[in-house]
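> here are the coordinates; sequence isn't available:
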C-alpha cells in the first residue's frame, strides 16, 4: 500500500514552512501539520485595533542572514517591506540608559562600560577578529571558545563585559542563563550579524516571512501530532486526525517536543535531542494611548536591563520605535521581557498580576508607564529558545553526521542558533537530506482539504 504523502512536516514555524517550501518546489507532495490555528510558531503577529503585536522578537541583520535574504528575494519580498530600524540598543546602568550596544562607537562612548572595561572590550574585539574564520555559525562546536559557558569565557576580561554586555545581550535576546549557555554560538552570532545600524525588521509584523511561505502550501492547522514512528522506509504519524503515512517526516518542533514525538529515536539522534534544552519565554505587550519610551540621548528601540540591575525584566522593546507601523498614529506599543529567573513564578500568577508586576518594574525605566491608560497581551512559550549548552555542542557533531533516515529534524536548535536565520538554514538542510534519500519520482495526489481549530497563546487583559 502506497503512503498517503511524500513528506509530512510537523510544525508550521519558519523551519517547518521553509522545509515544506523547498520540498514542494522540488515536486514532492508535502503536508504541514500544525497544532495551533495559525502559522509562524514563535514568529507570529497578533493584529488588534491597528496594533501589530509580535509574539516573539526578531531582527534581520544585513549581514549574517544570507539564507533568509535569499529566501525573501525568492518570495518577492521587497526592501520596502524590510526597512532598517535606525534606532539604538541601550543598556541600563547607574540610573540611566546608555545607548550604543552592538555599535562600533562603544569603544569611545562606553555603552554602559567603564573606561577600564572598554580596554578589555577592545581586547575582546581584537581576539574575535583574529579568530574570525574559526567561528562558523553553521558549526558552532568548531571554535576557539571551546565548550566554555558565556560566564566562564567572560572571566578572562573585566567583569563589566559580562555584566553589562554579554549577559544582557544573551538574557534579553535569547533568554539565556550565561552560566548554562555556551559562549561559542553567542560570539559567532555577534560576529556574523555586525553592528545594530545594519539591522532591519518586517514592516507588517514579524510573521511576514511565515505568511509568504505558507501561500500555496498544504497546511493542516489545528492538527496536533502525538507520535511519529519509522516503519521501514516509511513513517507513520499518529494524531488527532488519525494515522497518516508518508515516505518521510520532518519534525520542525523544539527538541524536547521532538524527543517525545519520537521516543524510539536512534542513539546518535537521542543524545543531541536530550541535550538541546530550552528556556521558557514570557512577555507582556503594552498597548498605550501615547508613545512612551525610555529617556535617552539617542532614540532607543530596545533597552537591555542587566541581571546586575534588575531581577524582574531582561529588557524592553519599544515596538513603535522599531517601526512606526506597529502602533496607530500617536499611540505606543512596548514589549516587556520577563527575566527567565522569574518566569516559573510568573506563570503561576494570573495574566493581570503578571502584567502589573512587569509594568511596575518597567516604570523605573519609563516614567509614567504605571499611570498611562493601557491594555495588555501576555505571551508565553514553554519552549522559548534553545539554550545552546556545552553538552549540546558536544553531541552535535554525531547528530549532524547521522545517516539519512525516514525521520529528519529542523529548527533553530539544530543550528544552535536561536534566531530566524537558524530556522531557515535548518529547514533548507532538512529538505536537502530528504531529497537525497527519496527517489526522484514523487507521488501525485490531490491535497486533502484542511480545517482550522481556533487557538491562541496570546490573551488580552484589561
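Nice, thanks for sending it over. This one's a predicted model, so the numbers in the text were calculated from it and none came from an experiment.
> in stretch 347-362, what counts as buried?
351, 354, 355, 356, 357, 358, 359, 361, 362 (16 or more other Cβ atoms under 10 Å). (C-beta placed from N, C-alpha, C; glycine too.)
> typed the wrong thing, it's stretch 57-73
Buried-residue list, stretch 57-73, by 16+ other Cβ under 10 Å: 57, 58, 59, 60, 61, 64, 65, 67, 68, 69, 71, 72.
> of all those residues, which comes closest to residue 30?
Taking Cβ to Cβ as the measure, residue 30 sits nearest to residue 71 out of the buried residues of stretch 57-73, at 16.4 Å.
> list phi and psi for that closest one.
Residue 71 adopts backbone torsions of phi -70, psi -40, taken as degrees, to the nearest 10.
> please name the nearest non-neighbouring residue to it.
On the basis of Cβ to Cβ, 6 or more residues apart in numbering, the spatially nearest residue to residue 71 that is not a chain neighbour turns out to be residue 424, at 5.8 Å.
> that neighbour contacts residue 66, doesn't it?
No - using Cβ atoms under 8 Å, residue 424 makes no contact with residue 66, being 9.5 Å away.
> if you count neighbours, what's buried in the biggest strand by length in the chain?
Taking DSSP state E as the criterion, the chain has its longest strand at strand 374-386. Across strand 374-386, burial judged by 16+ other Cβ under 10 Å covers 374, 375, 376, 377, 378, 379, 380, 381, 383, 384, 385, 386.
> circling back: next up, the contacts around the residue nearest to residue 71.
By Cβ atoms under 8 Å, 6 or more residues apart in numbering, residue 424 lies in contact with 14, 15, 18, 67, 68, 71.
> any chance of those in a markdown table, with secondary structure too?
Shown next, in a markdown table, are these (DSSP: H, G, I helix; E, B strand; the rest coil):
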| residue | secondary structure |
| --- | --- |
| 14 | helix |
| 15 | helix |
| 18 | helix |
| 67 | helix |
| 68 | helix |
| 71 | helix |
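> in the stretch 151-300 of the chain, which spans are strands?
For the stretch 151-300 of the chain, strands defined by DSSP state E, counting those that start in this stretch occupy the ranges 199-200, 218-220, 225-231, 234-239, 242-251, 278-288, 300-304.
> same check on the stretch 351-462 of the chain?
374-386, 407-409, 459-461.
> wait, which of those strands is closest to residue 114?
strand 374-386 (29.9 Å).
> measure the nearest residue to residue 274 once chain neighbours are set aside to residue 118 for me?
Spatial nearest neighbour of residue 274, excluding adjacent residues (Cβ to Cβ, 6+ apart): residue 259 at 6.3 Å. From residue 259 across to residue 118, the span is 44 Å (Cβ to Cβ, to the nearest Å).
> touching, the residue nearest to residue 274 and residue 265? I think so.
Yes - shown here, residue 259 and residue 265 form a contact pair, counting by Cβ under 8 Å, at 6.9 Å.
> mutual contacts of the two, please.
Common neighbours of residue 259 and residue 265 (Cβ under 8 Å, 6+ apart) are residue 273.
> the two: which is more packed in?
Between residue 259 and residue 265, counted using other Cβ atoms under 10 Å, residue 265 has the larger neighbour count: 22 against 18.
> just the buried residues of stretch 57-73: which has the poorest pLDDT?
Checked by pLDDT, these have residue 57 as the lowest-scoring entry (81).
> surely it is within a helix?
No - Residue 57: not assigned to a helix; according to three-state DSSP it is coil.
> I figured it hits residue 199, correct?
No - using Cβ under 8 Å, residue 57 and residue 199 do not qualify as a contacting pair, with a distance of 11.8 Å.
> residues contacting the residue nearest to residue 274?
For residue 259, the contacting residues are 265, 270, 273, 274, by Cβ under 8 Å, 6+ apart.
> tabulate those in a markdown table, adding columns for distance to residue 107 and pLDDT.
Formatted as a markdown table, the contacts of residue 259 follow (distance: Cβ to Cβ, whole Å; pLDDT from 0 to 100):
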| residue | distance to residue 107 | pLDDT |
| --- | --- | --- |
| 265 | 47 | 94 |
| 270 | 45 | 96 |
| 273 | 41 | 97 |
| 274 | 41 | 97 |
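> phi and psi next, for residue 7.
phi -140, psi 130.
> state the pLDDT value of it.
So residue 7 comes in at 98 (pLDDT).
> hang on, the earlier thing: got a quick ChimeraX command for the buried subset of the contacts of residue 259?
Buried residues within these, by 16+ other Cβ under 10 Å, are selected in ChimeraX with:
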select :265,270,273
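> tell me which two of the contacts of residue 259 sit farthest apart.
Every pair of these checked by Cβ to Cβ; the farthest is 265 and 274, at 9.4 Å.
> who touches residue 149 in this structure?
Residue 149 touches 178, 179, 180, 181, 182, 183, 390, counting by Cβ under 8 Å, 6+ apart.
> verify the stated contact: the fifth one with residue 388.
Yes - with contact defined as Cβ under 8 Å, residue 182 and residue 388 form a contacting pair (5.3 Å).
> so between those two, which is more surrounded?
Counting neighbours by other Cβ under 10 Å for residue 182 and for residue 388 shows that residue 388 has the greater number, 33 against 29.
> any idea of the pLDDT on that one?
96.
> what do you get for the one 4 residues further on?
Turning to residue 392, the model gives it a pLDDT of 97.
> could you tell me which residues make contact with it?
Taking Cβ under 8 Å, 6+ apart, we find residue 392 in contact with 182, 272, 275, 276, 277, 386, 413, 416.
> where are the low-confidence patches of the chain?
1, 439-462 (pLDDT under 70).
> the longest helix in it is where?
helix 420-437 (DSSP state H).
> got the buried residues for it?
In helix 420-437, counting by 16+ other Cβ under 10 Å, buried: 420-431, 433-435.
> kindly report the same for stretch 404-417.
For stretch 404-417, by 16+ other Cβ under 10 Å, it's 405-417.
> among these, which lie within helices?
Per DSSP H, the subset of the buried residues of stretch 404-417 in helices is 412, 413, 414, 415.
> with adjacent residues omitted, what lies nearest to the first one?
Here the nearest residue to residue 412 in space, its sequence neighbours aside, is residue 422; by Cβ to Cβ, 6+ apart that works out to 3.6 Å.
> please apply the same query to the second one.
What sits nearest to residue 413 in space, not counting adjacent residues and going by Cβ to Cβ, 6+ apart, is residue 386, at 3.8 Å.
> you'd agree that neighbour is up against residue 423?
No - counting by Cβ under 8 Å, residue 386 does not reach residue 423; the two are 10.6 Å apart.
> which residues do these two both contact?
In contact with both residue 386 and residue 423: 411, 412, using Cβ under 8 Å, 6+ apart.
> intersection of neighbour lists for residue 182 and residue 388?
Common contacts of residue 182 and residue 388 (Cβ under 8 Å, 6+ apart): 140, 416.
> before we move on, back to that, I'd like the buried residues of strand 374-386 as JSON lines, with distance to residue 76 appended.
As requested, these are exported to JSON lines (distance: Cβ to Cβ, whole Å):
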{"residue": "374", "distance to residue 76": "37"}
{"residue": "375", "distance to residue 76": "35"}
{"residue": "376", "distance to residue 76": "36"}
{"residue": "377", "distance to residue 76": "30"}
{"residue": "378", "distance to residue 76": "35"}
{"residue": "379", "distance to residue 76": "29"}
{"residue": "380", "distance to residue 76": "34"}
{"residue": "381", "distance to residue 76": "30"}
{"residue": "383", "distance to residue 76": "32"}
{"residue": "384", "distance to residue 76": "31"}
{"residue": "385", "distance to residue 76": "29"}
{"residue": "386", "distance to residue 76": "30"}
